[in-house]
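**Q** my questions concern the predicted model and sequence given below.
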Amino acid sequence: MGFAYINKRTSRIASNIPLLKSGLAPMSFLKMDDRDCIDGLIGINELNNVSLLREVFIDADLESAGNYHGLRAEIEIPNKAALAYRDVIRDGVRCRVLEFRGFRHDDLIEMAIRTGIPESDRDGVAACIRERLAGLHGAEL
């Protein structure tokens with residue numbers, strides 16, 4: 001892999017930073033038809049006409065933006081408790097599996113109190129442990 005290849009990839013990624021920071025879809029032309037792109041380039045080189053290539057880029061960008069916004073809507077916002085108390089959650093899941101073999105909300109709240117989790121976050125921690133246990137057992141608790 002040559003230096004030029006790396007620079008091209010890096011520049012494509014870097015060009016998307018201001019778009020992403022502004023909440024816009026990144027430029028991605030994965031669905032662009034190669035033949036249409038080549039025809040557009042020939043139109044520029046031979047006829048000094050950008051209209052075909054412009055249409056190819058607009059169509060590809062619109063499709064890409066639609067896919068991006070659809071995927072972005074599916075992504076969950078991370079749970080504060082899952083991020084801030086990941087060690088407690090891991091230990092809580094382990095304890096529920098090894099000792100109690102199930103989910104007991106009151107026991108989890110007591111554990112949260114013992115570990116110093118603020119009252120406002122205790123239910124979130126218990127909910128995270130419930131989700132993790134459900135994922136292990138493949139069933140709702």
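**A** Looks like it came in fine.
**Q** CA only for contacts and neighbour counts going forward, please
**A** Fine.
**Q** tally of neighbours for residue 47?
**A** Around residue 47 there are 9 other residues, counting by other C-alpha atoms under 10 Å.
**Q** which ones are touching it?
**A** Residue 47 is in contact with no residue at all, counting by C-alpha atoms under 8 Å, 6 or more residues apart in numbering.
**Q** now it: how far from residue 53?
**A** As for residue 47, its distance to residue 53 is 12 Å (criterion: C-alpha to C-alpha, to the nearest Å).
**Q** ditto for residue 91
**A** When distance is defined by C-alpha to C-alpha, residue 91 is 57 Å away from residue 53.
**Q** if I look at residue 109, how far off is residue 93?
**A** Spatial separation of residue 109 from residue 93 under the definition C-alpha to C-alpha is 13 Å.
**Q** the two: who's more crowded?
**A** Comparing residue 109 with residue 93 by other C-alpha under 10 Å, the one with more neighbours is residue 93, at 24 against 17.
**Q** so which bits of the strand or helix carrying residue 132 are buried?
**A** Residue 132 is part of helix 119-137 when elements are defined by DSSP states H and E. Neighbour-count burial for helix 119-137, with 16 or more other C-alpha atoms under 10 Å as criterion, is recorded at 122, 123, 124, 125, 126, 127, 128, 129, 130, 131, 132, 133.
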